[in-house]
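Chemist: Structure of the sequence below:
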Amino acid sequence: MAKAKKTNGDLNFEAKLWQAADKMRNNMDAAEYKHVVLGLIFLKYISDAFIELYEELSRTKGADPEDPDEYRGENIFYVPKKARWEFLQKNAKQPTIGKLIDDAMDEIEKDNQTLKGVLPSRAGSR
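Modeler: As a prediction, this is how the structure comes out:
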């Protein structure tokens with residue numbers, strides 16, 4: 001990779017992101033790594049959308065923020081408690097984080113049938 005030029009206001013984020021990605025990847029095959037990273041990005045994306053509606057539903061009288069149908073009605077994926085980004089983030093340093101992420105993907109599929117067989121898994125059961 002060519003060294004990125006540092007200009008006014010440019011903090012060289014691209015180089016730092018590549019360094020971080022290389023550390024995460026370590027000895028993992030690039031094809032496998034791609035699926036892991038894309039799965040995490042997707043998980044973060046749906047968690048953010050879920051939390052935004054969750055907070056809105058929490059303030060709405062008569063709404064149930066834990067009802068998956070509330071999210072389906074808004075075309076937002078329901079994210080179970082143990083699959084939410086905040087939960088995974090709190091447990092990120094646990095040696096079982098890989099299993100927690102796989103379990104999160106399984107739970108999301110259970111509550112969102114349109115994702116059945118689509119999300120990545122280390123177990124390769126899909």
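
Chemist: Helix or strand, whichever it is, which one in the protein has the lowest mean pLDDT?
Modeler: Between all helices and strands in the chain, the lowest mean by mean pLDDT, DSSP states H and E belongs to helix 13-25, at a mean of 66.

Chemist: show me where pLDDT drops low in the protein?
Modeler: By pLDDT under 70, the weakly predicted segments of the chain are 1-14, 16-28, 30, 120-126.

Chemist: can you give me the helices in it?
Modeler: Counting by DSSP state H, the segments of the chain that form helices are 13-25, 30-59, 68-72, 85-90, 97-111.

Chemist: contacts for stretch 106-123?
Modeler: With C-beta atoms under 8 Å, 6 or more residues apart in numbering as the test, stretch 106-123 has contacts from 35-36, 38-39, 42-43, 46, 68, 77-80, 82-83, 98, 101-102, 105, 126. All C-beta atoms are positioned from the backbone trio N, CA, C, and that covers glycine.

Chemist: out of those, which are buried?
Modeler: 36, 39, 42-43, 46, 68, 77-80, 83, 101-102, 105 (16 or more other C-beta atoms under 10 Å).

Chemist: just how off-centre is stretch 60-79 within its chain?
Modeler: Centroid separation between stretch 60-79 and its chain, computed with C-alpha atoms, centre = their mean, to the nearest Å, is 19 Å.

Chemist: Give me the distance between the two termini of it.
Modeler: Taking C-alpha to C-alpha, to the nearest Å as the measure, stretch 60-79 stretches 19 Å from start to finish.

Chemist: in that stretch, what counts as buried?
Modeler: Neighbour-count burial for stretch 60-79, counted by 16+ other C-beta under 10 Å, picks out Pro65, Pro68, Glu70, Tyr71, Ile76, Phe77, Tyr78, Val79.

Chemist: still on that earlier bit, how about TSV for the helices of the chain, with distance to Val118 added?
Modeler: What follows is the helices of the chain, written out as TSV (distance: least, C-beta to C-beta, whole Å):
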stretch	distance to Val118
helix 13-25	23
helix 30-59	9
helix 68-72	17
helix 85-90	19
helix 97-111	8
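
Chemist: May I see the buried residues of stretch 84-98?
Modeler: Of the residues in stretch 84-98, Arg84, Trp85, Phe87, Leu88 count as buried by neighbour count, 16+ other C-beta under 10 Å.
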